[in-house]
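J.: Sequence and predicted structure below; questions after.
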Amino acid sequence: MENFSAYNPVRIHFGSNALFKIHEQAPIYGRRALVVYGQGSVKKYNILVKVLNQLSQAGISYVEYGGIKPNPVVEDVRKAADLARKEKVDMVFAVGGGSVIDSAKVIALTASSDMEPWHFMEGTAEPTAALPILTVLTVVGTGSEMNSVAVLQNNKEGKKLGMRHELMFPKESFLDPGLTITVPRFQTACGIADIIAHALEAYFGDGGSPLADYFATSIIREVMDAGIKLVNDLVNYDLRARIMLAATYALNGTTAIGRGNSGDWGTHAVGHILSLLYDLPHGATLSIAFPAWMKLHLDKIPDRIRHLGRLVFDNQCLDEYDTINKFEEFFKLIGLPTRLADVNVPRDDRYTILQLMDKNQVTGRVFPLSREDRAAIVELMATGGKM
């Protein structure tokens with residue numbers, strides 16, 4: 001087991017009507033808020049008006065910035081940060097899913113400085129301050145509500161990058177599973193894949209940590225059990241609650257305990273390329289990329305893959321091949337793609353994908369990817385390979 005440091009300061013309010021605690025907690029952080037949200041669902045289902053009413057009840061004025069895209073872009077962060085400075089806000093309030101929360105985190109950094117937000121993402125500028133971040137979660141999957149990570153893309157540069165900084169931990173997150181009941185089946189399934197991928201990235205991290213293995217694989221088991229039921233019963237509050245809690249724990253640091261780092265993350269890097277090129281939902285890129293990544297590593301870590309399958313599927317007879325097949329079967333069962341053709345990526349695009357992977361230097365922290373590895377993953381995402 002590796003030495004580790006653990007820290008998570010986020011206060012979570014979980015359960016039915018959790019957002020009605022906003023008027024109690026928000027005044028701790030100031031008197032004026034920038035409220036950030038996506039492209040319409042929080043208005044359509046009256047979530048935004050409930051949040052704004054809570055702020056008004058607390059005597060907090062606000063200004064809105066809507067329209068954050070599912071794959072968030074740096075341009076929106078620039079505009080929202082400019083608005084935050086102009087309006088002299090005290091806090092950034094995110095109402096939405098991971099894309100909105102990730103954007104809010106970088107907005108909070110940028111509004112506290114005169115820096116270009118993409119410089120933070122590239123690591124050429126170091127954050128020194130941030131506005132307080134509060135979140136209301138309406139789409140489950142990323143775990144951004146209880147971590148210090150954000151992902152943005154820059155379409156002009158053809159890059160999608162992630163960053164981590166302690167200043168980006170939310171102060172308060174309000175998690176009401178009932179707010180996710182209107183999320184459609186496919187988007188729900190994408191969130192399920194994202195949760196599983198987060199747990200898998202940690203499982204394939206550095207160092208032997210049996211407890212972390214059990215944390216990660218228990219999260220996967222819980223998500224598979226609740227997830228297969230949820231996609232066929234979308235209005236079930238208890239199932240929504242199980243998935244929401246699992247998503248939060250999958251990326252709040254718990255699964256990294258005893259490891260040398262937070263995971264490999266090579267598969268997420270691959271998925272980001274597919275999002276950049278085709279504007280695919282994040283979870284749908286991961287259901288394609290993770291089986292391909294495991295197939296690439298069959299000869300390198302067969303014991304590790306086999307152990308994963310036996311813990312997740314509670315079957316001591318499974319081998320590494322069975323394990324990968326069972327993950328693919330699950331993704332298909334909940335309606336997700338497992339091949340590039342499933343999302344209408346032309347066969348001739350494989351070289352384009354590889355070129356952008358090279359440009360973004362796609363690799364993993366634990367298992368570095370050579371150009372030959374990247375080419376092999378592209379081929380495996382296209383054809384599935386032979387096992």
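T.: Here it is on my side, so go on. Please read these numbers as outputs of a predicted model, since none were measured by experiment.

J.: the strands in the stretch 51-200 of the chain, which residues?
T.: 61-65, 91-96, 133-137, 149-154, 159-164, 172-175 (DSSP state E, counting those that start in this stretch).

J.: got a list of what residue 248 touches?
T.: 12, 143, 145, 146, 175 (Cβ atoms under 8 Å, 6 or more residues apart in numbering). (Each C-beta comes from the backbone N, C-alpha and C, glycine too.)

J.: how many other residues sit next to residue 235?
T.: For residue 235, the count of nearby residues is 10 (other Cβ atoms under 10 Å).

J.: Please name the residues that touch residue 66.
T.: So residue 66 contacts 36, 37, 38, 39, 40, 43 (Cβ under 8 Å, 6+ apart).

J.: Quick one, which of the residues you listed are buried?
T.: The neighbour count (16 or more other Cβ atoms under 10 Å) marks 36, 37, 38 as buried among the contacts of residue 66.

J.: In strands, which of those residues appear?
T.: 36, 37 (DSSP state E).

J.: okay if I get the buried ones among the contacts of residue 66 as JSON lines plus distance to residue 274?
T.: Below are the buried ones among the contacts of residue 66 laid out as JSON lines (distance: Cβ to Cβ, whole Å):
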{"residue": "36", "distance to residue 274": "25"}
{"residue": "37", "distance to residue 274": "25"}
{"residue": "38", "distance to residue 274": "21"}
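
J.: which of the buried ones among the contacts of residue 66 lies closest to residue 362?
T.: Checking the buried ones among the contacts of residue 66 against residue 362 with Cβ to Cβ, the nearest one is residue 38 at 27.2 Å.

J.: Could you pull up phi and psi at that closest one?
T.: Backbone torsions for residue 38, taken as degrees, to the nearest 10, come to phi -90, psi -140.

J.: what does residue 326 give?
T.: According to degrees, to the nearest 10, residue 326 has phi -70, psi -40.

J.: residues contacting the closest residue to residue 265 other than its chain neighbours?
T.: Leaving aside its chain neighbours, residue 265 sits nearest to residue 201 (5.3 Å; criterion: Cβ to Cβ, 6 or more residues apart in numbering). When contacts are counted by Cβ under 8 Å, 6+ apart, residue 201 touches 262, 263, 264, 265, 267, 268.

J.: Distance from stretch 73-92 to the middle of the chain?
T.: Distance, stretch centre to chain centre, for stretch 73-92: 22 Å (Cα atoms, centre = their mean, to the nearest Å).

J.: Next: stretch 319-336.
T.: 21 Å.

J.: Can I get it as PDB, trimmed to CA atoms?
T.: Taking C-alpha atoms only, stretch 319-336 is exported to PDB below (Å, rounded to 0.1, in the frame of the first residue of the first chain):
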ATOM      1  CA  ASP A 319     -11.200 -15.100 -16.600                       C
ATOM      2  CA  GLU A 320      -9.900 -11.800 -18.000                       C
ATOM      3  CA  TYR A 321     -11.800 -12.300 -21.300                       C
ATOM      4  CA  ASP A 322     -15.100 -13.100 -19.600                       C
ATOM      5  CA  THR A 323     -14.600  -9.900 -17.500                       C
ATOM      6  CA  ILE A 324     -14.300  -7.600 -20.500                       C
ATOM      7  CA  ASN A 325     -17.200  -9.300 -22.200                       C
ATOM      8  CA  LYS A 326     -19.400  -8.900 -19.200                       C
ATOM      9  CA  PHE A 327     -18.700  -5.100 -19.100                       C
ATOM     10  CA  GLU A 328     -19.500  -4.800 -22.800                       C
ATOM     11  CA  GLU A 329     -22.700  -6.800 -22.300                       C
ATOM     12  CA  PHE A 330     -23.800  -4.500 -19.400                       C
ATOM     13  CA  PHE A 331     -23.200  -1.400 -21.500                       C
ATOM     14  CA  LYS A 332     -25.200  -2.800 -24.300                       C
ATOM     15  CA  LEU A 333     -28.000  -3.900 -21.900                       C
ATOM     16  CA  ILE A 334     -28.500  -0.300 -20.700                       C
ATOM     17  CA  GLY A 335     -28.500   1.000 -24.300                       C
ATOM     18  CA  LEU A 336     -25.000   2.400 -24.700                       C
END
